[in-house]
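> Got a predicted model here, sequence first, then my questions.
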Protein chains: 6
Amino acid sequence: MRPEVIRPSGREADTPREVRLTRGYTRHAEGSVLVEFGDTKVLCNASVETGVPRWLRGKNQGWVTAEYGMLPRATHSRSGREATRGKQGGRTLEIQRLIGRSLRAAVNLKKLGEFTITVDCDVIQADGGTRTAAITGGCVALVDAIRYLQREKKIKGDPLIQLVNSISVGIYKGVPVVDLDYPEDSQADTDMNVVMTESGELIEVQGTAEAGTFNRTELNAMLDLAEQTGKALTQHQRESLEIRS
Amino acid sequence: MRPEVIRPSGREADTPREVRLTRGYTRHAEGSVLVEFGDTKVLCNASVETGVPRWLRGKNQGWVTAEYGMLPRATHSRSGREATRGKQGGRTLEIQRLIGRSLRAAVNLKKLGEFTITVDCDVIQADGGTRTAAITGGCVALVDAIRYLQREKKIKGDPLIQLVNSISVGIYKGVPVVDLDYPEDSQADTDMNVVMTESGELIEVQGTAEAGTFNRTELNAMLDLAEQTGKALTQHQRESLEIRS
Amino acid sequence: MRPEVIRPSGREADTPREVRLTRGYTRHAEGSVLVEFGDTKVLCNASVETGVPRWLRGKNQGWVTAEYGMLPRATHSRSGREATRGKQGGRTLEIQRLIGRSLRAAVNLKKLGEFTITVDCDVIQADGGTRTAAITGGCVALVDAIRYLQREKKIKGDPLIQLVNSISVGIYKGVPVVDLDYPEDSQADTDMNVVMTESGELIEVQGTAEAGTFNRTELNAMLDLAEQTGKALTQHQRESLEIRS
Amino acid sequence: MRPEVIRPSGREADTPREVRLTRGYTRHAEGSVLVEFGDTKVLCNASVETGVPRWLRGKNQGWVTAEYGMLPRATHSRSGREATRGKQGGRTLEIQRLIGRSLRAAVNLKKLGEFTITVDCDVIQADGGTRTAAITGGCVALVDAIRYLQREKKIKGDPLIQLVNSISVGIYKGVPVVDLDYPEDSQADTDMNVVMTESGELIEVQGTAEAGTFNRTELNAMLDLAEQTGKALTQHQRESLEIRS
Amino acid sequence: MRPEVIRPSGREADTPREVRLTRGYTRHAEGSVLVEFGDTKVLCNASVETGVPRWLRGKNQGWVTAEYGMLPRATHSRSGREATRGKQGGRTLEIQRLIGRSLRAAVNLKKLGEFTITVDCDVIQADGGTRTAAITGGCVALVDAIRYLQREKKIKGDPLIQLVNSISVGIYKGVPVVDLDYPEDSQADTDMNVVMTESGELIEVQGTAEAGTFNRTELNAMLDLAEQTGKALTQHQRESLEIRS
Amino acid sequence: MRPEVIRPSGREADTPREVRLTRGYTRHAEGSVLVEFGDTKVLCNASVETGVPRWLRGKNQGWVTAEYGMLPRATHSRSGREATRGKQGGRTLEIQRLIGRSLRAAVNLKKLGEFTITVDCDVIQADGGTRTAAITGGCVALVDAIRYLQREKKIKGDPLIQLVNSISVGIYKGVPVVDLDYPEDSQADTDMNVVMTESGELIEVQGTAEAGTFNRTELNAMLDLAEQTGKALTQHQRESLEIRS
């Protein structure tokens, strides 16, 4: 039995926000998914381009990468546009590197052939957990881009290894909780993002003590929560993609 | 009687696309409007900030400005992210300067007081006419931001002078047409963007011969079309804002 | 009969400033023209380079483009050097895009062959109307560059379609006036730049209400003034280039 | 009993490289430490400056931050200088954000007073684990900077909460190993950086599956290794700083 | 007796090019001088601004600085615009630092009061020796800016210490020559720029062996040539400024 | 007999600081030398790369270039990192251009073949004379890189023409002195950097009057000092490289 905690969101410690995955959200991208984790809304557009980056040429494989951005007023107060400031900030670069690494874990690049899939994750509205939503929704967009390549007979075989999802967990007022929204995240003692496969294996674990420290017991409790929610996320992804178990 | 023309869109020469204005599209911005001109979708977020740019300080007036961006896959093929390239392109800067000038025509800056309203216009999906949609929708978001200032008793009086709208017109295969979508725009001989007040006065006229030239007769025919459509846009704005005539 | 107005310049409403076109102003450029509209002085250097930009390769055509700059103390008070600030401003980019588009209207790019002509327009002294002077003088430099290509037998045939000129018009204290200098421009209600061919057809019309709005009658009065002055500019260009009518 | 593995370094799975901490390595910085983890050499200079960043002014507290850089030929083949390329790369920004967060966990910013301590971590020679060496050595430089402030009577009391150290662990050919050098790191299946306090509490855990995935058992085995090595690192730090247990 | 040399320019070894100094070349700058060393033409505009850079505030002194630029087609083939490339090149920065240092040697900054004089040196046409022309002409523009301050009663007393001039010398085909034009400069074995006061004292000596080396004898021969030409340059400056000896 | 002067360093006017050249300082670079002129410490890493810059391709020759940087706290107070500011400053660019030119004087580029040697000079600790130390130490690193190419049989023959060294001289309180440290340099009236070959020929002379001016007599006295010290520097280089005279 979990200890009781009054989360600002009113949710139970182990209850994530409602998840919505809307495929075909825009019409140009080969995969276009609006992912919502409660009030966090991220548009994930997967674009297929022929060819690979220079350093991969002639290696007979494809590439999957991601870019991340936030509309200036996705947040409570307006933040300057990165295009205006002339560079992407450290947080942005860190997040898009994480998304790219995570999505590559879903794909056999050899089987992808010499195509590059870029998954643009743009935050329309932010309320905590934008990177985990982006990975979860970006994976669905990625699958649609792969299906496009198959449908158009540009590749044979299936480069998809597994679905990938992500969720945030944390220690809020001493209690492990899942899927923190912005008010929870900004007061949490520890914040951890976990990226998992559909079978619950770990791809990435990034835990940070925002105040004080955390111990192994807390770490394990957070991972338990992540694992349990990951199963639900996989279920959402499969339903959205109409994959029969 | 207008000459006949087979527009790729199948529309009559003087028929604009369906316009939709969705207020309150995101929850943080003081004004947040999704504007749709057919398949062109632009999110216009108006943000209120206390204070004015340095060069206006102590002049006892406010400021209205705009920024414009396009999601990388808003277009048919993916274009690089401006934040990654490290600067906004010439087209972007030109468009956001136009939007800012146009929206300032709607506002009495003296009555606005020392507040800055920034209208971010981000193109979610592009199909021609993004700048005209941005001005038309941005004006509605601007009004919502002004209403916020009034509701919060931050300003007295009404800084709104008039609603402002915009539409594109052009010469397509020799015939003046209104509200060009992307296939039409890319084949048009002349392309013109017109910004008007709700009473049909002109704020900005930008006409460009893409191939060949145009004459005064064609210019006047295009302006007639713009004027007529401007009335309809004003009507859309007023209904959306629940303004009684 | 035009209404009376006391212009700061003392000129009649329909009287442009004295125009001077000095060819061969510097010795390296294939076309080098100092254009003066009164105290506005712009050096237009047209440079011929073999080859075309990447996106035009193999299309069997040439390219004409323009760049615009202003010496730091071309203006009343010194403005920072764009090279020092690390980027060209929005106004600069907007102007050089306009000049490039306008000059391309003068040339049949297919007949130009795989050459690029870059017209650098650098403002030595500014007193309003720098972009219109740049287009008018840049066109003369462009013709000299084309003549260079012909003289050197690098191209056959004549890629020149027509001369192109430009003039500013505006509404100053309620009266339509032509060729505004800086004091006039900064107080004008409406400012419009018109680009025309030698036969008076329109290439570009950019009218902006700086204060208030303008109507169709005013627009037409301004265009009448532009048309009339355009004829004189064409005459100046032809004389300078020693073209017999 | 650990499974056997032939590490390229010839080390046992649980044996870290030799650690050396040289204080007073350069003479200008308030704290200057060369940290060596085997062939990885990082110069950590802690600089004290009066005042805090703008967003902390008037909050009656100090600030600790870090910057990270790599000499162009610290690595096996030369990589371009970030100053020449005009920006810090994503990896650099990610690492310096991690170092900064980690070092702030060592300090009570309220007790630091309105001083900023910047810890510059510059990699002289790289052989894997540069960020963990930087945190471990940077903490010693940070303590020297704090001692300087105390010695100069600029602050009263002791803002140091605890020493902080960091080590990398990973799964190499299926076996959990500690302190991976470059050849090991580039072939590891999973790579994890752990930041700990001197009492073994966790500050940051960043685990990434480079190939495939990892499970909870492997995660725990890696954390056991990190914990055990962390004790030794603390001992090195205390000896270097002449702190009696 | 000098050895004979056939200079591409046809000039004697000790004969500089014709020097022209045109004051009042543009009308906005407080000092505006077009300096010509033969075909090298540099526009030197001295701008007076109230106040000094941040790091000089409260020190009760003024500042003199310089910026240098080259129009894209000042040279034989077009070079990219630095504003477009996003930064000033190393050569540009090196030259403008030299000009600034040299011109500061002409001025008593204490007597200048809290004004900044920026001398913009923009090369209209280049044929070797642009930096020496810029210093020589920039000094005249600087004097005009000082006279403006005196005339406007903004300063009392005379901050001018002495006139400053500059000339290039070199070893061309084994023979010391003065004032190298571009064809000579590009084939010279050694190139040296000398900055002197009106009494012939040295302010800056920058000699570079472009091919091979040079010895003390050659250095002294070059300095003799520079000294002799410096006297003539001073005479030109004094005549231009109507200073009676 | 030299006049007496009390140098802050306590050294005689003609006594340079102790010089140390440590080869093989880091292990990856083909040439890696730590050069110390007293407390000035510069790490010079020479990297060999196959190929030459674009503008040298097909010319059957090699290239030698240099880059210069300073660790943020190499100096008395911390200076911002150039990678963070987004560009190399003018001083940095000027110095690295000087180092590159100087080192190219040591090498027959034709005999080097199509290889590029980049010498990175990074200042670990600064106390005046960093550029002269960089040239002197960089030359030794360059020789090691050339020896690497010979040892690996990548080139035949010896591209080394001569060793190159550099020293600073100046006028301190009216007296010519050699090898100024930072306190001396910041108070010197004149500062001059001299680059010489091992036989004492001049490659580069850069003398600047920091306050007032200097005359030919002082220039010659400084050059005498430089020449004399250059011989000692050559001796250090030869011993370090184990070259028998």
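All right, it came through fine. Numbers count the residues shown, from 1 in each chain, chains lettered A, B, ... in the order given.
> hey, let's count contacts and neighbours off CA atoms from now on
Noted.
> near chain D, anything from stretch A:160-172?
No - figure legend: stretch A:160-172 not in contact with chain D (C-alpha under 8 Å from any C-alpha of the partner chain); closest approach 10.1 Å.
> Check the offset of that stretch from the chain's centre.
Distance, stretch centre to chain centre, for stretch A:160-172: 7 Å (C-alpha atoms, centre = their mean, to the nearest Å).
> does the helix or strand where residue A:100 lies come close to chain F?
Using DSSP states H and E, residue A:100 sits in helix A:90-104. No - using C-alpha under 8 Å from any C-alpha, we find that helix A:90-104 stays clear of chain F, coming within 11.3 Å at best.
> Residue A:10 versus residue A:45, what's the distance?
Noted for residue A:45: a distance of 32 Å to residue A:10, by C-alpha to C-alpha, to the nearest Å.
> Among these two, which residue is more densely surrounded?
residue A:45 (38 against 9; other C-alpha atoms under 10 Å in any protein chain shown).
> Strands of chain A, residue ranges please.
Remark: strands assigned in chain A by DSSP state E are A:19-23, A:31-37, A:40-50, A:63-70, A:115-125, A:164-172, A:175-178, A:190-197, A:202-209.
> looking at those, which is buried most?
strand A:164-172 (a mean of 29; mean count of other C-alpha atoms under 10 Å in any protein chain shown).
> who's the nearest residue to residue A:187 once chain neighbours are set aside bridged to?
Take residue A:187 and drop its neighbours on the chain: the residue closest to it by C-alpha to C-alpha, 6 or more residues apart in numbering or on different chains is residue A:172, 7.1 Å away. Counting by DSSP bridges, residue A:172 forms beta bridges with residue A:175.
> what's the answer for residue A:117, then?
Under the criterion used (DSSP bridges), residue A:117 bridges to residue A:48, residue A:64.
> Please identify the buried residues of stretch A:75-88?
Within stretch A:75-88, the residues scored as buried using 16 or more other C-alpha atoms under 10 Å in any protein chain shown are A:75, A:78, A:81, A:82, A:83, A:86, A:87, A:88.
> do the same with stretch A:94-110
Those would be A:94-109, for stretch A:94-110 by 16+ other C-alpha under 10 Å.
> Quick check: phi and psi on the residue lying farthest from the centre of chain A?
Relative to the C-alpha centroid of chain A, counting by C-alpha atoms, centre = their mean, residue A:58 is the outermost residue, at 30.2 Å. The phi/psi pair for residue A:58 (degrees, to the nearest 10) reads phi 80, psi 0.
> Could you report the distance from it to residue E:57?
60 Å.
> Can you check which helix is longest in chain A?
helix A:216-240 (DSSP state H).
> could you check the angle strand A:164-172 makes with that helix?
Taking axes from the mean of the first three to the mean of the last three C-alpha atoms, to 10 degrees, one finds that helix A:216-240 is oriented at 140 degrees with respect to strand A:164-172.
> Would you mind listing the buried residues in helix A:216-240?
In helix A:216-240, counting by 16+ other C-alpha under 10 Å, buried: A:218-219, A:221-227, A:229-231, A:233-234, A:236-238.
> Return the angle between stretch directions for it and strand A:190-197.
Using the same axes, to 10 degrees: helix A:216-240 against strand A:190-197 is 40 degrees.
> Which strands and helices lie in contact with helix A:216-240?
strand A:19-23, helix A:130-151, strand A:164-172, strand A:175-178, strand A:190-197 (3 or more C-alpha pairs under 8 Å, 6 or more residues apart in numbering or on different chains; DSSP states H and E).
> Was I right to think residue A:96 contacts residue A:88?
No - using C-alpha atoms under 8 Å as the test, residue A:96 is too far from residue A:88 to be in contact (10.4 Å).
> follow-up on the earlier one: between the strands of chain A, which one is nearest to residue C:132?
For residue C:132, the closest of the strands of chain A is strand A:63-70, at 39.3 Å, according to C-alpha to C-alpha.
> if you average pLDDT over the closest one, what comes out?
The pLDDT scores in strand A:63-70 average 98.
> Could you list the residues in contact with that strand?
A:52-53, A:92-93, A:95-97, A:99-101, A:103-104, A:109, A:112, A:114-124 (C-alpha atoms under 8 Å, 6 or more residues apart in numbering or on different chains).
> repeat for stretch A:170-185
Contacts with stretch A:170-185, where a contact means C-alpha under 8 Å, 6+ apart, come from A:3-5, A:7-9, A:12-17, A:126-129, A:167-169, A:187-192, A:218, A:221-222, A:225-226, A:229.
> dump the residue contacts of residue A:197.
A:106, A:162, A:163, A:164, A:165, A:203.
> With residue A:99 instead?
Residue A:99 touches A:65, A:66, A:67, A:131, A:134, A:135, counting by C-alpha under 8 Å, 6+ apart.
> What are the contacting residues of the lowest-mean-pLDDT helix or strand in chain A?
Taking mean pLDDT, DSSP states H and E as the measure, the helix or strand of chain A with the lowest value is helix A:82-85, at a mean of 91. Applying C-alpha under 8 Å, 6+ apart, the contact partners of helix A:82-85 are A:88, A:89, B:82, B:83, B:84, B:86, B:87, B:88.
> Report the two of those residues separated the most.
Maximum pairwise distance in the contacts of helix A:82-85, criterion C-alpha to C-alpha, is 15.6 Å, between A:89 and B:88.
> Spell out which parts of chain A neighbour chain D.
Residues of chain A lying close to chain D (C-alpha under 8 Å from any C-alpha) are A:90-91, A:93-94, A:97, A:105, A:201-209, A:211-216.
> one more time with 7 Å
Proximity of chain A to chain D (C-alpha under 7 Å from any C-alpha of the partner chain) is limited to residues A:90, A:93-94, A:201-209, A:213-215.
> Closest one of the residues you listed to residue B:21?
So of these, ranked by how close each gets to residue B:21 (C-alpha to C-alpha), first place is residue A:93, at 33.9 Å.
> Now that closest one: closest residue in space that isn't a chain neighbour?
Using C-alpha to C-alpha, 6+ apart, the closest residue to residue A:93 is residue D:90 (5.2 Å).
> Give me the distance between residue A:106 and chain E.
Distance of residue A:106 to chain E, computed by C-alpha to the nearest C-alpha, to the nearest Å: 39 Å.
> Would you pull up the residue in chain A closest to chain E?
residue A:86 (11.0 Å; C-alpha to the nearest C-alpha).
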